[in-house]
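Undergrad: what follows is a predicted structure for the sequence shown.
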Amino acid sequence: MPMTSSADLTVDGGRTAGVSDPLTVTVAGDKSVSHRALLAALLPGAPELLTVRRANLGGAVRALLPAMRALGVAVDVSGDTLVVRRGAAPVPQPVRPHSGVVAWPEDAPYLQTEGSSAAARLLLGILAGTGLRAVVDGDEVLRHRPMDWLVDPLRVLGADIEYLGEPGRLPVLVAGSVHRPGRVDLAVGSAQARSGVLLAAVAAGLPVALRHPVRSRDHTERMLAAFGARLTESDGEVAHQGGDCVVPPVVDVPTDPSLAAYPVAAHLLWGHGGELRVPDVCLNPTRLGFFDVLRTAGADISYEGRGTTTGGEPVGTLVARGGLGRVRRVRVDQPAVLHALIDEVPLLAAVAATLPGESWIGCAEELRFKETDRIATTAGMLDAFGADVAAVDDGLLIRGGAPLRTGEVPAFEDHRIAMAAATLAVSLPGRTTVSGGACHRTSFPDFADVQRAVGARICEDTTS
Ligand SMILES: O=C(O)C1=C[C@@H](OP(=O)(O)O)[C@@H](O)[C@H](O)C1
Ligand SMILES: C=C(OP(=O)(O)O)C(=O)O
């Protein structure tokens, strides 16, 4: 479990007076699409200059920038626009020591992706497609997360990838590209694993068929198809037919639905009525599980479609009205639904703790491999609120009706746990301190500002 090093968040329950109705709130760009758009600059069909607009600039996306620079790709950040230029002088990164690695390969740039597994896995896939020799590493937490989900199928396709420390984990040396066309099976529903293999196939121009157990978020498929890659899909399989793709000079990132979930949840938890609108949200169905599950359970949430981005993502306005009065419980018992809300499980569980009925969030075994074991940390966070929650192997059972209390609540240095806790706290009378809650910066740097804009009373403890 990571040590708490971020500042605390202090939340006073209740909504500030005078919030307008309807209320429109702007939320940052999507983390997953930002990662993919940035990495598109490493594809063979990329322009010399790529502009990524409305990028998410949380720690997870920023974690990629030094690695890109070490590969000779300059990235300038101006507001939320990233200007990415190929052909720059490489800027080497310092190596993070590892007790199991005595000698680091000298002829390969060292690429550190900190705590972001999306950054590491997608980068690994691109390197395995382009044949760029490099070491991919992460921080001490990421070094414990599985990389074999992706490395195994890449090796079947002929990639030369060597574990430098513990088998199955970072750091790895990517020493040779995929070159054997074929069919591979993914053992897990992880979109990062599927995306890494697809990026490798497309970067190498290699025909590959990929069978997967769950159709989790499909941003990579949409983006590559929008860039002209020849992808086909059938039940349980996505295939690349071979050939090139062309990356356009500008990629726009839609608003992150996983982040929009926090102001929407706060609005629904208060239940004061009124309408909350979040524009330009990524309305990709593989990301809307949180809203769809609440809708099915009786919440008034709707989508107003508008168009498609150059990266192939549907966008539109998310509208939430009223509260949770008609919602008695929530239920997630299909893998595809779980994956469509995989990062919102802590928030959905927090909302479930306020409902009268018994809620179940299942098919969630992969949550054990996030930056924390999110089944355990979600249960630990909710337990601190006094909720009746049971963690089982693959999910969470939440029995509503237990009186919730405020006080000190742990975030376990996990941004999703911190933001779920702070959002639940806005609905409870009294003060809650989310310890280490400022780790929300990993994905949502202006989380507190956005929650204040919808009426929350939340601030960061700047004394620590
Ligand atoms: O593809 C991506 O960008 C992501 C996929 C998911 O992880 P898994 O692929 O491990 O399920 C998600 O939890 C993560 O925040 C981002
Ligand atoms: C799990 C997450 O990201 P990653 O897997 O990329 O670390 C997340 O953002 O909640």
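TA: It's in. Ligands and ions are numbered 1, 2, ... in the order given.

Undergrad: centre of the chain versus stretch 189-204, how much separation?
TA: Between the mean C-alpha location of stretch 189-204 and the chain-wide mean there is a distance of 16 Å, by CA atoms, centre = their mean, to the nearest Å.

Undergrad: same check on stretch 220-235?
TA: In terms of CA atoms, centre = their mean, the centre of stretch 220-235 is found 20 Å from the chain centre.

Undergrad: same check, this time on stretch 305-312
TA: With CA atoms, centre = their mean, you get 20 Å for stretch 305-312.

Undergrad: which parts of this protein sit against ligand 1?
TA: Residues of the chain found near ligand 1 (CB under 6 Å from any ligand atom) are 32, 35, 118, 190-192, 195, 216-217, 342-343, 366. Placement of C-beta: from N, CA and C, glycine included.

Undergrad: 5 Å instead?
TA: Remark: the part of the chain in contact with ligand 1 comprises 32, 118, 190-192, 342-343, using CB under 5 Å from any ligand atom.

Undergrad: is it possible to get TSV of those residues that adds secondary structure?
TA: Formatted as TSV, those follow (DSSP: H, G, I helix; E, B strand; the rest coil):
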residue	secondary structure
S32	helix
A118	helix
S190	coil
A191	helix
Q192	helix
I342	helix
D343	helix
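
Undergrad: which entries within the residues you listed meet the buried criterion?
TA: Among the residues of the chain next to ligand 1, those buried by neighbour count (16 or more other CB atoms under 10 Å) are 32, 118, 190-192, 342-343.

Undergrad: and the closest residue to ligand 2 within the chain, what is it in contact with?
TA: Closest to ligand 2 within the chain is A118: 3.3 Å, counting by CB to the nearest ligand atom. Residues in contact with A118 (CB atoms under 8 Å, 6 or more residues apart in numbering) are 31-32, 35, 60, 192.

Undergrad: those into a markdown table, with extra columns for pLDDT and distance to ligand 2?
TA: What follows is the contacts of A118, written out as a markdown table (pLDDT from 0 to 100; distance: CB to the nearest ligand atom, whole Å):
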| residue | pLDDT | distance to ligand 2 |
| --- | --- | --- |
| K31 | 98 | 6 |
| S32 | 98 | 8 |
| H35 | 98 | 8 |
| A60 | 98 | 6 |
| Q192 | 98 | 6 |
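
Undergrad: ok, back up a step: ok, so of the buried ones among the residues of the chain next to ligand 1, who is nearest S302?
TA: When these are compared for distance to S302 (CB to CB), D343 wins out at 21.8 Å.

Undergrad: pretty sure the closest one sits against S258.
TA: Yes - here D343 reaches S258: they are 4.7 Å apart, a contact under CB atoms under 8 Å.

Undergrad: tell me which parts of this protein are close to ligand 2?
TA: So far as CB under 5 Å from any ligand atom goes, the chain lies against ligand 2 at 116-118, 343, 370, 416.

Undergrad: V238 against T232, yeah?
TA: Yes - V238 is in contact with T232 according to CB under 8 Å; the separation is 7.5 Å.

Undergrad: neighbour count winner among these two?
TA: V238 (23 against 11; other CB atoms under 10 Å).

Undergrad: ramachandran coordinates for that one?
TA: Backbone geometry at V238, expressed as degrees, to the nearest 10, gives phi -120, psi 140.

Undergrad: beta partners for it?
TA: On the basis of DSSP bridges, V238 is bridged to L210, E233.
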